[in-house]
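In: let me see the structure of the following:
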Amino acid sequence: MKKIIGIGISVSLLSVSSLALAQTADLMQVYQDAFIGNPTFLAAKANAQAQMQGVPIARAGLLPQATATATDGFNNYNNQGVSDQPVTLPNGNSFSLQGNQGTYRYNQQYYQLSASQPIFDIVALLGYSSAKYTASAASSTFNAALQSLIVTTTEAYFTELNAEDNLVYVHAEKQANYEAYTQAQQKFEVGLIAITDVEQAHAQYATQVAAELAAENDVINAKESLRAVTGIYYDKLASLRDNTAPLIRPQPADVSKWVQIADQQNWSLIAARQTAEAARKTAQSDQAAHLPVLNGVTTYTGNNTGDSPAGKVNNRDAYVGLQLTVPIFENGVGFVSATAKQASYLYEAALQNRNNAYLSTMNSARQSFNDTLSFISQVEADKQTIKASALALDSIVAAYQVGGKTMLDVLNAQQTLYNAWSTYSTDLYTYINSSIALKQAAGILSPVDLQQINTWLTEDRKPLTTVQYSSGGTNIQRGPLAGVGGP
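Out: Predicted coordinates:
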């Protein structure tokens, strides 16, 4: 059976303290912050620890139990009256026996030691077995929560990077539209173009101003979403070096192998199976509530007194035997029957939850495998689209300079290029998230995978080599746009 892994993994991760807001945080740093500060994960950890205490609690019902009782004190006895008690002899004669009269003050000591050991208690045995399955399910659930934390952290991290990338592209397009609008005004003033071109350029620029505000809001929301995961606001995140990442195909390359691994190692599926076993044991326990219970019992009793009306007492009593308890009537037959039925229904529900977990896991494994391959192909296609869009823009600009294209054609071509960049970024981050989700479905995801991704990141991203066009009459020149990167 797989053991809990979360706490052992965490030791090496907690040695690094949180970075100041002004510093750049990378993926591992953000994960470490989430590990020690994410409320959902910490609740899962505490719940697992609580569930594991059920094992020693249930085990106690199978272990010997012993109790000791002792008293020590004084009695004051004062009898002022005398009562005659008639006594009849065998020959028929009778006389009166007078009671004792006087005051007595005497010490009395009493102690008892008793112990019992279950010999046959099927309910306790099944309860202990159920508790062990419940504890194992809690351990598996915690490991699933650990992997879920990795996925949640990674998705929130790259969602923010994607929003920041999109803001760069939108800003770049706004700058390009502004340059085109300025240039259109200059040409209109000297009579080279019609007012229609100016209005089109102005409309494109106004649209992009609004798009930039929306993109800025997306960045703010993404930062807040990441803060909800870790409890920390990050001023700057490390980004992909050269705006790209290794496109690693899943190994093994057969989806059925991944499904098989997921069937054996997915933590949520394991937890669902263990929970179903715990429910089965509980149902069996409730159904066995009518069976007798056999215990071995022993007691040792002592009673000492000083001078009392009965004289001095010094008694010792030892007992060893068997105690058989047979339930005959307890809370009514309907109560016992309903309890057993309730446990059976809960077991049926646990079975259906197990089946649902199986179907969900298999589906997740297949989809994540296919998504990973699909987005690898998509990222490769996006690179070609960017190149083709850049060449098309060059061609349209050249045609525009000789009057073969309109300003609207140039603006549309620019928008196509920036959209290609935005699509590339989104697909690249989605590929990374899909590969993480595949390992989660297979149950093999660990912080080591984050460490690998972290090597792809850098604090200083190089500028992209996309385009913007500066005004200057008919001399539209291509140049690097600072802050925008490319594959």
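In: contacts for stretch 203-216?
Out: By C-beta atoms under 8 Å, 6 or more residues apart in numbering, the list of residues contacting stretch 203-216 from outside reads 163, 166-167, 170-171, 173-174, 177-178, 180-181, 408, 411, 415. Heads up, the C-betas are built off the backbone N, CA and C, glycines and all.
In: so which pair among those residues is furthest apart in space?
Out: Within those, Ala163 and Leu408 form the most distant pair, 28.8 Å apart (C-beta to C-beta).
In: tell me which of the two has more neighbours.
Out: Ala163 (20 against 16; other C-beta atoms under 10 Å).
In: thought the more buried one was touching Glu224?
Out: No: counting by C-beta atoms under 8 Å, Ala163 stays clear of Glu224, with 11.0 Å between them.
In: re the thing from before, please flag which of the contacts of stretch 203-216 sit within helices.
Out: Counting by DSSP state H, the part of these found in helices is 163, 166-167, 170-171, 173-174, 177-178, 180-181, 408, 411, 415.
In: so which of those comes closest to Tyr424?
Out: Of those, the one sitting nearest to Tyr424 (C-beta to C-beta) turns out to be Asn166, at 11.0 Å.
In: any idea how far stretch 30-46 is from the middle of the chain?
Out: 8 Å (C-alpha atoms, centre = their mean, to the nearest Å).
In: list the buried ones in that stretch?
Out: 30-35, 38, 41, 44-45 (16 or more other C-beta atoms under 10 Å).
In: report how many residues lie close to Ala262.
Out: 27.
In: same question, Ala180
Out: Residues near Ala180, counting by other C-beta under 10 Å: 26.
In: only C-alpha atoms, please: export stretch 178-190 in PDB.
Out: The C-alpha coordinates for stretch 178-190 follow below in PDB (Å, rounded to 0.1, in the frame of the first residue of the first chain):
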ATOM      1  CA  TYR A 178      -1.400  55.000 -32.500                       C
ATOM      2  CA  GLU A 179       1.600  55.300 -34.900                       C
ATOM      3  CA  ALA A 180      -0.700  54.400 -37.800                       C
ATOM      4  CA  TYR A 181      -3.300  56.900 -36.700                       C
ATOM      5  CA  THR A 182      -0.700  59.700 -36.400                       C
ATOM      6  CA  GLN A 183       0.700  58.800 -39.800                       C
ATOM      7  CA  ALA A 184      -2.800  58.800 -41.300                       C
ATOM      8  CA  GLN A 185      -3.400  62.300 -40.000                       C
ATOM      9  CA  GLN A 186      -0.200  63.500 -41.500                       C
ATOM     10  CA  LYS A 187      -1.000  62.000 -44.900                       C
ATOM     11  CA  PHE A 188      -4.500  63.400 -44.800                       C
ATOM     12  CA  GLU A 189      -3.100  66.900 -44.100                       C
ATOM     13  CA  VAL A 190      -1.000  66.800 -47.200                       C
END
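In: about what we covered before: would TSV of the buried residues of stretch 30-46 with secondary structure and distance to Val293 be doable?
Out: Converted to TSV, those look like this (DSSP: H, G, I helix; E, B strand; the rest coil; distance: C-beta to C-beta, whole Å):
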residue	secondary structure	distance to Val293
Val30	helix	55
Tyr31	helix	51
Gln32	helix	52
Asp33	helix	53
Ala34	helix	49
Phe35	helix	47
Asn38	coil	46
Phe41	helix	42
Ala44	helix	37
Lys45	helix	37
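In: after the host helix or strand of Lys187, which helix or strand is next?
Out: Assigned by DSSP states H and E, Lys187 belongs to helix 122-189. Reading on from helix 122-189 to the C-terminus, the next helix or strand found by DSSP H and E is helix 195-230.
In: just how off-centre is that following helix within its chain?
Out: 34 Å.
In: which parts of that helix are buried?
Out: 197-198, 200-202, 204-205, 208, 211-212, 215, 218-219, 222-223, 225-226, 229-230.
In: and stretch 260-275, what's buried?
Out: Applying 16+ other C-beta under 10 Å to stretch 260-275 flags 261-263, 266-275 as buried.
In: and if you look at stretch 388-404?
Out: For stretch 388-404, the neighbour count (16+ other C-beta under 10 Å) marks 389-390, 393, 396-397, 400 as buried.
In: try stretch 231-243
Out: Buried-residue list, stretch 231-243, by 16+ other C-beta under 10 Å: 232, 234, 237-241, 243.
In: using CSV, list the CA coordinates for that stretch.
Out: Written as CSV, here are the backbone C-alpha positions of stretch 231-243 (Å, rounded to 0.1, in the frame of the first residue of the first chain):
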residue,chain,number,x,y,z
GLY,A,231,-1.6,34.4,0.6
ILE,A,232,1.2,36.5,-0.8
TYR,A,233,1.2,39.2,-3.4
TYR,A,234,4.0,38.9,-6.0
ASP,A,235,5.2,42.1,-7.7
LYS,A,236,7.1,40.1,-10.3
LEU,A,237,7.3,36.5,-11.5
ALA,A,238,10.0,34.7,-13.3
SER,A,239,9.0,34.0,-16.9
LEU,A,240,9.9,31.5,-19.6
ARG,A,241,13.4,32.0,-20.9
ASP,A,242,13.3,33.2,-24.6
ASN,A,243,9.5,32.9,-24.3
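In: what is the nearest of the buried residues of stretch 30-46 to Lys281?
Out: Ala44 (23.5 Å).
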